[in-house]
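Asker: Let's see this in three dimensions:
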Amino acid sequence: MTFVGNRIYRHKVIRINHTTYDGRRSQDSLNPRTHADFMVLAHEDDTDDNSSAHPYWYGRIIGIFHACVKHTGPASKTSDSQQINFLWVRWFGRDLTYRSGFKTKRLPRIGFVDASDAFGFVDPREVI
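Answerer: A predicted model of the protein is given here:
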């Protein structure tokens, strides 16, 4: 994969479309300065220990970007460029010593994870 023109473009705001609890369409604006926290569906395998299973991952947006790229590998199906949107994020981790959930009627306690696993990239379409 190659970046067209060796450029990555930065944006100030991303708008996420969603359905409200009563079935209506709505939109939220996220930006790194004032409204940066988000959640995505967890990508964890089912474990035998259901106490650590949680349906969501939480993060904070550091930057909003897009780039025009060309896939140049042997499996490439087209020579046309494509726009790829992505978020640069810092992940939160859950405090597993804190009891939370429906039975305890408390939301999970979260905090930043260690630096080795703290940062990553997310497709904006995955943000809930």
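Asker: Neighbours of residue 38, how many?
Answerer: When counting by other C-beta atoms under 10 Å, one arrives at 23 neighbours for residue 38. Every C-beta, even on glycine, is put in place using the N, C-alpha and C of the backbone.
Asker: thought it was touching residue 126?
Answerer: No - assessed by C-beta atoms under 8 Å, residue 38 is found out of contact with residue 126, at 9.2 Å.
Asker: Output the longest strand belonging to the protein.
Answerer: strand 56-70 (DSSP state E).
Asker: could you point out which element follows it?
Answerer: Where DSSP states H and E defines the elements, the next helix or strand beyond strand 56-70 is strand 82-94.
Asker: Can I get that next one in CSV? Just the C-alpha atoms.
Answerer: In CSV, the C-alpha atoms belonging to strand 82-94 read as follows (Å, rounded to 0.1, in the frame of the first residue of the first chain):
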residue,chain,number,x,y,z
GLN,A,82,-9.1,4.9,-2.3
GLN,A,83,-9.7,7.2,0.6
ILE,A,84,-9.0,5.6,4.0
ASN,A,85,-10.4,7.3,7.1
PHE,A,86,-8.8,6.5,10.5
LEU,A,87,-8.7,7.6,14.1
TRP,A,88,-5.5,7.7,16.2
VAL,A,89,-6.5,6.7,19.7
ARG,A,90,-5.4,6.0,23.2
TRP,A,91,-7.1,3.1,24.8
PHE,A,92,-8.7,2.9,28.2
GLY,A,93,-8.6,-0.3,30.3
ARG,A,94,-11.2,-1.5,32.8
